[in-house]
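J.: Pasted the sequence and its predicted model underneath.
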Amino acid sequence: MSPVTAADRRRVLDAVPTGLFIGGSWGPAGDGGTFDVHDPATGEVLVSVADATPEDGLRALDAAVAAQAAWAATAPRERSEVLRRAFDLLRERADDLALLMTLEMGKPLAESRGEVAYGGEFVRWFSEEAVRVTGRYGTNPEGTGRTTVLHRPVGPCLLITPWNFPLAMATRKIAPALAAGCTVVVKPAEQTPLTTLAFTAILAEAGLPDGVVQIVPTTRAADVTGPLIDDPRLRKLSFTGSTPVGSQLLRQAATHVLRTSMELGGNAPFLVFEDADLDAAVTGALQAKFRNVGQACTAANRFFVHERVVDAFVDRVAEAVRGYRVGAGTDDGVDIGPLIDDRAVDKAAALVDDAVRRGAEVVVGGERLDGPGTFYAPTVVRDVAPGSEILRTEIFGPVLTVVPFADEDEAVRLANDTEYGLVAYAFTRDRARGQRLAERLETGMLGLDVGVVSNASAPFGGVKESGLGREGGSEGIHEYLETTYVMTPDPFGA
Ligand code: NAD
């Protein structure tokens, strides 16, 4: 690819809509307020975006409510084709969207291209699922009646997304909601609203009727979303973000027994057994840790490595990490971009410092890097002591922590010793052990001999405090469908 020029940046930033999108029109916030979106690689302001007020949020819900009945009645094939056209447009504009994403979020361009492809797959997948919603018909056990089960759209939804995957976290919600026949209000993360705004424009261009999708970027997340969650016209809340915020939203959602999907934090264990293919384990470890600069809910947070292979594993990951190039995601050949903001750098630094105070050894990295921009060196820390904060907390940064173990029981005990349960990874050549792990690890997803599990065709989601519900797969659309059952008499009966 040719290097990114100032003209490329300007073109991409000039093209992105910066208003609120409500009822099919772009417009300013009710009070005219705006907020700045920054480039984390430089700290520069990229562009200013309308800052929705609570009244704007309610206007967006009004528009979603008004459009709900017509969208639910739209033929599934028509809904499917709007999504399919949006997928085609996403593919056509992949390079510009990837650049926009790197500018606002920081990850290397190659990874942003990967996210555009991954995020697009949800749009394609749910364009296909839109026409496959079926019910069932059967005879009751007594033989006295017939049961019919049908599915209907839930109704207007509020979708709240995080900053770390600005396209995929939005498409993973918007596409199944639209496929199911729901209208939506989207509240993107304030750090990275631009990619979602660009995707909203693509949906409109693809022929989505007015009022089906609204987007309300805001710096007052709770003030804008609170009244919507309290409004009985809202029928569904789907949230991706941190566990503390998810837990607070669940309490709010309890008032009207609002249906919720919660994709929350993770603390993924990565197990390397003595019989693992070490080449594959090292490759998988680097993907599971350093993808997205470590800022993924699926990022491996704790590496448990059998004591017989731990030295070889550490040597090999450390060698790879020493070769990483750190810099702006738009620069050629960069492996590790900036973290999202100063707080993220402070957090990584504090966690590593605590681990070191408790006896861990820094093998590579372990330091903040000078600005501009918010960088932390890719780091490997070994022999992390039990009780260290870094084993309990989602690091959300490029820090790989290693803890040795002696046998399978100990590995499983260590892996499950967390309130989270989103994803786990395990490398072993022993198939029976792989199956045992699938049954013993407290996790929603398991990567067995792979370092990346995300796929639009699979049910993504967690157990324990990592969340409720699933996104993607044939399960994903059912998060946006109600089930109604109809009982009728035996049509052959007297
Ligand atoms: P966050 O919880 O701070 O924010 C997520 C979203 O919620 C943002 O849009 C934010 O503005 C909004 N928000 C914050 N406080 C709110 C409130 N009181 N009321 C309503 N909305 C509120 O999370 P983040 O820092 O943006 O994202 C990182 C977190 O997301 C990590 O914990 C990560 O594991 C998690 N995550 C989970 C998944 C998953 O699928 N399980 C995927 C990506 C990220």
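T.: Everything's here; your move. Computed from a prediction, not measured in an experiment: that's the story for all the values here. Numbering: from 1, shown residues only.
J.: So is stretch 276-296 next to the ligand?
T.: No - Stretch 276-296 lies apart from the ligand when judged by CB under 6 Å from any ligand atom; the minimum separation is 6.7 Å. All C-beta atoms are positioned from the backbone trio N, CA, C, and that covers glycine.
J.: same thing with stretch 195-207?
T.: No - contact of stretch 195-207 with the ligand is not found when judged by CB under 6 Å from any ligand atom; the minimum separation is 9.9 Å.
J.: ok, now stretch 257-274?
T.: Yes - residues of stretch 257-274 contacting the ligand under CB under 6 Å from any ligand atom: 263-266.
J.: Stretch 331-350 now?
T.: No - shown here: stretch 331-350 not in contact with the ligand (CB under 6 Å from any ligand atom), separated by at least 7.7 Å.
J.: List the buried residues for that stretch?
T.: 331, 334-341, 344-345, 347-349 (16 or more other CB atoms under 10 Å).
J.: Up against the ligand, what does the stretch 51-200 of the chain have?
T.: Residues of the stretch 51-200 of the chain lying near the ligand (CB under 6 Å from any ligand atom): 160-165, 169, 187, 189-190.
J.: Count the residues that sit near Arg9.
T.: With neighbours defined by other CB atoms under 10 Å, the count for Arg9 comes to 17.
J.: next one: the one 10 residues further on
T.: Gly19 has 17 neighbouring residues, counting by other CB under 10 Å.
J.: Skipping its backbone neighbours, what lies nearest it in space?
T.: Trp26 (3.9 Å; CB to CB, 6 or more residues apart in numbering).
J.: What lies in contact with the helix or strand harbouring the one you found?
T.: Per DSSP states H and E, Trp26 falls inside strand 25-27. Defining contact as CB atoms under 8 Å, 6 or more residues apart in numbering, one finds that strand 25-27 is touched by 17, 19-20, 50, 210.
J.: List the neighbouring strands of the next helix or strand after it plus their orientation.
T.: For strand 25-27, the following helix or strand on the C-terminal side (DSSP H and E) is strand 34-38. Paired neighbours of strand 34-38 in the sheet (DSSP bridges): strand 45-50 (antiparallel).
J.: So which bits of the stretch 351-494 of the chain are right by the ligand?
T.: 394, 422, 462, 467.
J.: re earlier: a markdown table please, covering the buried residues of stretch 331-350 and showing secondary structure, pLDDT and distance to Thr225.
T.: Shown next, in a markdown table, are those (DSSP: H, G, I helix; E, B strand; the rest coil; pLDDT from 0 to 100; distance: CB to CB, whole Å):
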| residue | secondary structure | pLDDT | distance to Thr225 |
| --- | --- | --- | --- |
| Asp331 | coil | 95 | 36 |
| Val334 | coil | 97 | 35 |
| Asp335 | coil | 97 | 36 |
| Ile336 | strand | 98 | 33 |
| Gly337 | coil | 97 | 29 |
| Pro338 | coil | 97 | 28 |
| Leu339 | coil | 98 | 26 |
| Ile340 | coil | 97 | 21 |
| Asp341 | coil | 96 | 21 |
| Ala344 | helix | 98 | 23 |
| Val345 | helix | 98 | 28 |
| Lys347 | helix | 98 | 25 |
| Ala348 | helix | 98 | 29 |
| Ala349 | helix | 98 | 31 |
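J.: ok, those vs Glu104, which is closest?
T.: Nearest to Glu104, judged by CB to CB, of the buried residues of stretch 331-350 is Ile340 at 9.6 Å.
J.: Mind checking which residue lies nearest the centre of this protein?
T.: Met169 (4.2 Å; CA atoms, centre = their mean).
J.: residue in the stretch 151-300 of the chain nearest to the ligand?
T.: Gly241 (2.7 Å; CB to the nearest ligand atom).
J.: Does that residue touch Trp163 like I think?
T.: No - Gly241 is beyond contact range of Trp163, at 9.1 Å (criterion: CB atoms under 8 Å).
J.: Need the residues touching each of these two.
T.: Ala189.
J.: and the nearest residue to Val216 once chain neighbours are set aside, backbone torsions?
T.: Excluding the flanking residues, the one nearest Val216 by CB to CB, 6+ apart is Ala52, at 3.9 Å. Ala52 adopts backbone torsions of phi -60, psi 140, taken as degrees, to the nearest 10.
J.: from memory Ala52 sits against Val224, does it?
T.: Yes - counting by CB under 8 Å, Ala52 does reach Val224; the two are 5.5 Å apart.
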